[in-house]
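>>> Everything below, folded, please.
(2 chains)
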Amino acid sequence: MNIENYISSGIIEAYVLDQLTEQERKEVQILAEKHPEIRQAIDETEETLFAMGQAGSVAPPGSLKKDLFYDLGIDLKQNPENNNFTEEVRNDGNTQSFYPYLTAAASIIAILGIVLTFYYRGQWVESEQRLSALYAQNETLAQQYNIVKNQSDQYASNMEILRQPGIENVPLEGLELSPDAQAMVHWNKNTNEVYLNAKKMPANEVAQQYQLWAIVEGKPVDMGVFDVGGDMTSLLKMKSVDKASAFAVTLEPRGGSENPTMEKMYVIGQI
Amino acid sequence: MKKQPKIISTAIKISEEVLIKELQAKKPAALEYLYDNYSSALYGVIIRIVKSESVAQEVLNDIFMKVWNNFSAYDAGKGRLYTWLVNISRNASIDKIRSKEIKKTFKTDLVSDNVHAIDHSNSHTLYTDGIGLEKVLDQLPEELRFIIDQMYFKGYTQTEIAEEFSIPLGTVKTRARTAMRELRALLL
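I've put the predicted structure just below:
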């Protein structure tokens, strides 16, 4: 069989245009498998046919596609494969859209954001509570500090007084009325100044006042009145006296008395 | 410039295998791809045969319906996807005009009267999109062009042409071969 004559006979064109009987078709197919030249001639004719089709292209109206796909029940807009298909075909089906990953990433970030919001809000509320507690604590400390500072200042000034030269300390002991009561007279014999420490005396009532007496030549001399209550750290400055044999404290009506009420004597101390 | 079309046709051939598989799996995206890439070429052939836009649309619609609902009718033995599509399109177009019995003595009258009317008068004004093909066909010698018209646009077999126009069958066959070779040289 002369292949070239066979190809030139025009049977290839008839084959490609589907103008042969079933038996003739089979014959061509069998020969094409045996002879690459025939296969090639078929391929080339098909290419030409396709090129003719492309050269003679006429675009059908857009509505035709819409109606066709509508009739087939294919929703063009809701078909997610539409956009990817062309690319998929060209890349042998390996291309994947990166949008699903982007969406997933965005969701994770959003969830993370919400979780962090609640976490930090919790932290903030806790911080706020701790801050209030610290403010309160700070205020308490400030108050305590003020008290301590006042006391400290008092002690400092007391020290000033007590360190002066010529000071004589006269302890006054409690009597029957109040055996636990104590007082201390700091008497400066150089300046005659008298200071009283009444820290360990019981508190007096409003209607009454304590009165300090100095015993001078057997007679009681008024040294001034004072109240006992609250912080008694500071030394009380009393009247001055140049000579005395003893000091005593009596409880008198507010304002003091001319003569001491002997039954109401709380403490006494001999020099 | 001559190499470019070959690269394109290779690319299409590779994708065709995937496309056929997807069509067999009835994937809507495959049908849309097929429509977007082949409908214009097929419509160009159909409209040249039926010479009516509304009828051509009807035929094209039927073809894609058939592809979608009965793709199993295609097998590799029928050639490339396009070859199969253009053949069923041509057959459907011819069936359409015959069934409509535009002319009762279709074969004798239409062949003798309207052979050149299609491309020479109507198509130039009506189907300007496909003007490229007409320019190419015009470059063919008259006797070759005649054979192409009869086979490609009328669906006549070589034997039918030989009988109808009293041309020796051997001559019809040789001209068919020569015409396709010349077209290939002009188009690719």
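>>> Need the distance between the two termini of stretch A:255-266.
Distance between the two ends of stretch A:255-266: 17 Å, counting by Cα to Cα, to the nearest Å.
>>> In chain B, where's the longest helix?
Among the elements of chain B assigned as helix by DSSP state H, the one spanning the most residues is helix B:28-50.
>>> how about it: buried residues?
B:28-35, B:37-50 (16 or more other Cβ atoms under 10 Å in any protein chain shown). Every C-beta, even on glycine, is put in place using the N, C-alpha and C of the backbone.
>>> filter those down to the ones close to chain A.
Contacts with chain A are made by B:28-33, B:35, B:39-45, B:47-48 out of these, judged by Cβ under 8 Å from any Cβ of the partner chain.
>>> nearest to A:Tyr101, of those?
Set against A:Tyr101, the nearest of these by Cβ to Cβ is B:Ala29 (20.9 Å).
>>> and the helix or strand containing A:Ala104, how far from the chain's centre?
A:Ala104 is part of helix A:99-162, with elements assigned from DSSP states H and E. How far helix A:99-162 lies from its chain's middle: 8 Å, per Cα atoms, centre = their mean, to the nearest Å.
>>> tell me the angle the helix or strand that that helix is followed by makes with helix A:99-162.
Using DSSP H and E, the next helix or strand after helix A:99-162 towards the C-terminus is strand A:167-174. Regarding strand A:167-174 and helix A:99-162, their directions subtend 100 degrees when assessed with axes from the mean of the first three to the mean of the last three Cα atoms, to 10 degrees.
>>> Name every strand pairing with strand A:167-174 and say which way it goes.
Partner strands for strand A:167-174, per DSSP bridges, with pairing direction: strand A:182-188 (antiparallel), strand A:265-270 (antiparallel).
>>> Name the residues that touch the shortest one?
Right, the one you point to is strand A:265-270. Residues outside strand A:265-270 that contact it (Cβ atoms under 8 Å, 6 or more residues apart in numbering or on different chains) are A:170-175, A:177-178, A:181-183, A:185, A:201-202, A:210, A:245-251.
>>> What residues of it count as buried?
Here strand A:265-270 shows A:Met265, A:Tyr266, A:Val267, A:Ile268, A:Gly269 as buried, counting by 16+ other Cβ under 10 Å.
>>> tell me the average confidence for the longest helix of chain B?
In this model, helix B:28-50 has an average pLDDT of 91.
>>> What residues does the residue of chain B found nearest chain A make contact with?
Distances from chain B to chain A, computed as Cβ to the nearest Cβ, single out B:Lys173 as the nearest residue at 2.9 Å. Contacts for B:Lys173 were tallied using Cβ under 8 Å, 6+ apart; they are A:Ser9, A:Gly10, A:Ile11, A:Glu13, A:Ala14, B:Gln158.
>>> what do you get if the cut-off is 10 Å, keeping everything else the same?
With contacts taken as Cβ atoms under 10 Å, 6 or more residues apart in numbering or on different chains, B:Lys173 has the following neighbours: A:Ser8, A:Ser9, A:Gly10, A:Ile11, A:Ile12, A:Glu13, A:Ala14, B:Ile147, B:Gln158, B:Thr159, B:Ile161, B:Ala162.
>>> just B:Asn69 next, same as before
So, once contact is read as Cβ under 10 Å, 6+ apart, B:Asn69 ends up touching A:Leu72, B:Lys26.
>>> circling back: list the helices and strands the helix holding A:Ala104 packs on?
Helix A:99-162 sits against strand A:182-188, strand A:194-197, with contacts defined as 3 or more Cβ pairs under 10 Å, 6 or more residues apart in numbering or on different chains; DSSP states H and E.
>>> In a markdown table: those strands, plus mean neighbour count.
What follows is those, written out as a markdown table (neighbours: other Cβ atoms under 10 Å in any protein chain shown):
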| stretch | mean neighbour count |
| --- | --- |
| strand A:182-188 | 21 |
| strand A:194-197 | 22 |
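>>> okay if I get those as TSV plus mean pLDDT?
Formatted as TSV, the entries for the helices and strands packed on helix A:99-162 read as follows, by pLDDT from 0 to 100:
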stretch	mean pLDDT
strand A:182-188	94
strand A:194-197	94
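>>> can you list the weak-confidence ranges in chain B?
Residues of chain B that meet the criterion pLDDT under 70 lie in B:1-14, B:101-131.
>>> how does chain B divide into domains?
Structural domains of chain B, as assigned by automatic domain parsing, span the residue ranges B:10-102, B:103-188.
>>> Just name the most buried of the ones you listed.
By mean neighbour count, with neighbours taken as mean count of other Cβ atoms under 10 Å in any protein chain shown, domain B:10-102 ranks first of these at a mean of 18.
>>> pLDDT added to the buried residues of strand A:265-270, as a markdown table?
Formatted as a markdown table, the buried residues of strand A:265-270 follow (pLDDT from 0 to 100):
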| residue | pLDDT |
| --- | --- |
| A:Met265 | 93 |
| A:Tyr266 | 94 |
| A:Val267 | 94 |
| A:Ile268 | 94 |
| A:Gly269 | 93 |
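>>> Between those, which sits nearest A:Tyr195?
A:Gly269 (14.0 Å).
>>> Leaving out chain neighbours, which residue sits closest to the closest one?
Using Cβ to Cβ, 6 or more residues apart in numbering or on different chains and skipping the chain neighbours, the partner closest in space to A:Gly269 is A:Leu172 (3.8 Å).
>>> Next: A:Asn190.
In this structure, A:Asn190 finds its nearest non-sequential neighbour in A:Gly166, 3.4 Å apart by Cβ to Cβ, 6+ apart.
>>> which residues does that neighbour contact?
For A:Gly166, the residues meeting the contact criterion (Cβ under 10 Å, 6+ apart) are A:Trp187, A:Asn188, A:Lys189, A:Asn190, A:Thr191, A:Asn192, A:Glu193.
>>> mind redoing it with 8 Å?
Listed by Cβ under 8 Å, 6+ apart, the contact partners of A:Gly166 are A:Asn188, A:Lys189, A:Asn190, A:Thr191.
>>> Greatest separation within these: which pair is it?
If you compare every pair in the contacts of A:Gly166 using Cβ to Cβ, the most distant one turns out to be A:Lys189 and A:Thr191, at 8.0 Å.
>>> Can I take it that B:Arg175 is in a helix?
Yes - assessed by DSSP: H, G, I helix; E, B strand; the rest coil, B:Arg175 belongs to a helix.
>>> Many thanks, I have nothing further to ask.
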